[in-house]
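Here is a sequence with its predicted model. Questions after.
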Amino acid sequence: MTSSRALRSVTSRSVACCFAVIFGLLRTADPRAAAPTVQFRPPQRDYILACGGCHGLNGISNAALVPSLKGLVGYYLYLPEGRAYLPRLPNVAFSTLNDEQLAAVLNYMVFDIGAGSAPAGARAYGSAEVGRWRKQPLTEVTLSEYRRRLVETLINEYHAPAALRGYIATTAQ
């Protein structure tokens, strides 16, 4: 009998402790309290909303369908036509962001997402430059062929990694 009574006593205390812990946690989890939020800088927020759905939140996409940007997008700044290519892409040029916001997004893409891929001393995009380029969207060229030429030049002449080809390797057919 004694061991049975001792076991019930230990079990009762264990259950009581569990309830106390759970009740304490539930009581402190005020449903009106705001959940922790992540604060994004405006260019990062605009990138996530306008570009992240396809290119990935951190610039890593399904490269067979959409070019990955992570560690790669800055290579375009090695060539004047590569620098112009980014703001002239139709989804970029026709963005609802104003020129200043779009320049900030492009700079976020190149210098944050594409960190280490831009040439040393590359200058940031300015709103006037972006405004000028987006008035000339790449709508009269075969985009995949245009990109392929740029990428091959970057790989062959500027030692960009072959990973830059990712997307064009599947659009070559």
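On my side now, so go ahead.

all contacts plus neighbour counts: C-alpha atoms, from now on.
Noted.

Which positions within stretch 103-123 qualify as buried?
103-118 (16 or more other C-alpha atoms under 10 Å).

can you name the two of the residues you listed that are farthest apart?
A103 and G116 (18.8 Å; C-alpha to C-alpha).

helix, strand or coil for S61?
Assigned with DSSP: H, G, I helix; E, B strand; the rest coil, S61 falls in the coil class.

Could you count how many residues lie near it?
19 (other C-alpha atoms under 10 Å).

picking up where we left off before, show me the buried residues of stretch 103-123 that map onto helices.
Counting by DSSP state H, the buried residues of stretch 103-123 place 103-108 in helices.

want to try a markdown table for these, with distance to R41 and pLDDT as columns?
Below are those laid out as a markdown table (distance: C-alpha to C-alpha, whole Å; pLDDT from 0 to 100):
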| residue | distance to R41 | pLDDT |
| --- | --- | --- |
| A103 | 14 | 98 |
| A104 | 10 | 98 |
| V105 | 10 | 98 |
| L106 | 14 | 98 |
| N107 | 13 | 98 |
| Y108 | 10 | 98 |
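
low pLDDT regions in this structure?
Across the chain, the ranges flagged by pLDDT under 70 are 1-33, 168-173.

all helices for it, in order.
2-28, 42-50, 52-55, 80-88, 90-93, 99-108, 127-134, 143-158, 166-171.

ok, and what's touching the third one?
By C-alpha atoms under 8 Å, 6 or more residues apart in numbering, the surrounding residues in contact with helix 52-55 are 58-59, 61-62, 66-69.

change it to 6 Å
Outside helix 52-55, the residues that touch it by C-alpha atoms under 6 Å, 6 or more residues apart in numbering are S61.

Might you quantify the distance of it from its chain's geometric centre?
Relative to the centre of its chain, helix 52-55 is centred 7 Å away, using C-alpha atoms, centre = their mean, to the nearest Å.

CA atoms only for that helix, dumped as CSV, please.
The C-alpha coordinates for helix 52-55 follow below in CSV (Å, rounded to 0.1, in the frame of the first residue of the first chain):
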residue,chain,number,x,y,z
GLY,A,52,10.9,37.5,-54.6
GLY,A,53,8.0,35.4,-55.8
CYS,A,54,10.0,34.3,-58.8
HIS,A,55,13.6,35.0,-57.9
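
Pull out the buried positions in that helix.
52, 54-55.

do the same with the fifth one
Using 16+ other C-alpha under 10 Å as the test for burial, helix 90-93 gives 90, 92-93.

Quick check: L77 vs A35, distance?
40 Å (C-alpha to C-alpha, to the nearest Å).
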